[in-house]
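*Asks:* got a predicted structure plus its sequence, pasted below:
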Amino acid sequence: MRCLVLFCLFVLYFRTGLCKPLLGGGSHDIWSEVDESDNGLVEGALAGNGSRLPRVLNFFPVPVEEECLSKDGRRRGICMNTYECRIQGGSSHGKCAMGFGVCCVFTLTCNQEVINNITYFVNPDFPDLTSSITSCNLTVKKIDEEIAQLRLDFIHFNLGQPNRKTGVCEEDVFTMSGGENRMLKLCGFNSGQHAYFDVEGITGPIEITMLLNRKAVSRLWELTVTQIPFSQRAPMGCLQYHQGMKGTIQTMNFADNGRHLADQDYTICIREEEGMCSIAYEPCHEDSFKIAPNNNSTLTNAVVIDEVEGSGGGVEGVQARDMQQECVDRVILPCDNEDLIMVGEGGPSTCSLVHCGESLCPENESPCRIESSSTPFTVGIHFEENSRESPADDNLGMCLIYEQLPCN
């Protein structure tokens, strides 16, 4: 019976001449709540002789709810029936599914709850700056038991800076928490960054909390919350997962006027593309690697780990541990062949596993490039919870350009 009713409505839909191809519909501002031209209720449409055609309700089910791009090409949404979109609190931004559905975009702000995939979380005055609030919370509920991760994409993220000497987020703090001992903590400038948050096994809600200082700091944020099923998850233990032959990786709050954050212990992962067997890293520019060592020694470069397999923690092992203590805040770049390829003169040098100091390159010889065929491709970030006081200019953080290299 249900199929017969749908068939009759389908025939009525086409016989009334209301099935029309996708049209541009003019420019469409991303801040508008609803695209009235996509409302799915055709009211008083004109026939060829100028008479009015009867109303037709567009409640045909969309065959598959999948990701779509809004009409303005800026935001992502879910293709669904127009009325289902309204019921769930979304807004229509263009047609999809051959005109039977709309690209439904979900946008939330403080003290609201995420119940859909691909949801935008923005500050209350977005796209204007916000300075009048002291807290902002968002609750995220898993849309399915198979959801294993949440991916956050920070399109815009500009909060108060951390303590300039210690890197601790004291005034503004963004946290994401859920389950036992699972927390992401950020502040400062992180536009363009992303993060994966493991939610496998979590049955309750996941909380995003922003505690904002009363000082007159203008803040702006726009981020997407995407729910990732188990079959599409990023590798376990990866806070960031980059894809592609080339790209850029940065520590959090990497900016001209920034300072790397304290209390950061995570892994940046890069997917090994087909036919690629090794990877090369080089600084983004001459000042793109600054992580102050533990003391005021003349250490300006990576620390060489001299411990060899089977040393049993002897003299070489002790030396390695002592040298590693110089880099309390450090970046780990795995390398298998122990070759540091110099772009300029100097030739191959000893590869270093642990890096800190004024430059990634030995003795400030720039540029340089580190190649490694150690898989998986990862970069470890380890910044202490309560970093010692040191000038912000000595702790800018890290920015590296990577390029995957073909086998042989």
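*Replies:* Perfect, thanks for sending it. Numbers count the residues shown, from 1 in each chain.
*Asks:* against Ser231, how distant is the most centrally placed residue in the chain?
*Replies:* The residue lying closest to the centre of the chain (C-alpha atoms, centre = their mean) is His194, at 1.5 Å. To Ser231, His194 is 20 Å away according to C-beta to C-beta, to the nearest Å. (C-beta placed from N, C-alpha, C; glycine too.)
*Asks:* thinking again about what came up before, how about the residue nearest to the centre of the chain, what does it touch?
*Replies:* For His194, the contact set (C-beta atoms under 8 Å, 6 or more residues apart in numbering) comprises Arg151, Leu152, Asp153, Phe154, Gln240.
*Asks:* do Thr375 as well
*Replies:* Counting by C-beta under 8 Å, 6+ apart, Thr375 has contacts Glu272.
*Asks:* pLDDT score for it?
*Replies:* In this model, Thr375 is scored at 91, pLDDT.
*Asks:* then Gly201?
*Replies:* 88.
*Asks:* now swap in Gly44 and tell me
*Replies:* Turning to Gly44, the model gives it a pLDDT of 38.
*Asks:* all the strands of the stretch 251-400 of the chain, residue numbers only.
*Replies:* 264-270, 276-283, 289-290, 330-332, 339-342, 349-350, 354-355, 368-372, 377-383, 397-406 (DSSP state E, counting those that start in this stretch).
*Asks:* list the buried residues for the longest one?
*Replies:* Meaning strand 397-406. Residues of strand 397-406 classed as buried: Gly397, Met398, Cys399, Leu400, Ile401, Tyr402, Glu403, Gln404 (neighbour count, 16 or more other C-beta atoms under 10 Å).
*Asks:* again with the second one
*Replies:* Of the residues in strand 276-283, those buried by neighbour count under the rule 16+ other C-beta under 10 Å are Met276, Ser278, Ile279, Ala280, Tyr281, Glu282, Pro283.
*Asks:* out of the contacts of His194, list just those in strands.
*Replies:* If you go by DSSP state E, those have Arg151, Leu152, Asp153, Phe154, Gln240 in strands.
*Asks:* give me the low-pLDDT residue ranges for the protein?
*Replies:* Scanning the chain for pLDDT under 70 picks out the ranges 1-65, 181, 295-325, 336-351, 363-366, 387.
*Asks:* as a markdown table, the strands of the stretch 251-400 of the chain with distance to Val122 would be great.
*Replies:* A markdown table is the format used below for the strands of the stretch 251-400 of the chain (distance: least, C-beta to C-beta, whole Å):
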| stretch | distance to Val122 |
| --- | --- |
| strand 264-270 | 25 |
| strand 276-283 | 34 |
| strand 289-290 | 32 |
| strand 330-332 | 32 |
| strand 339-342 | 44 |
| strand 349-350 | 48 |
| strand 354-355 | 37 |
| strand 368-372 | 39 |
| strand 377-383 | 28 |
| strand 397-406 | 26 |
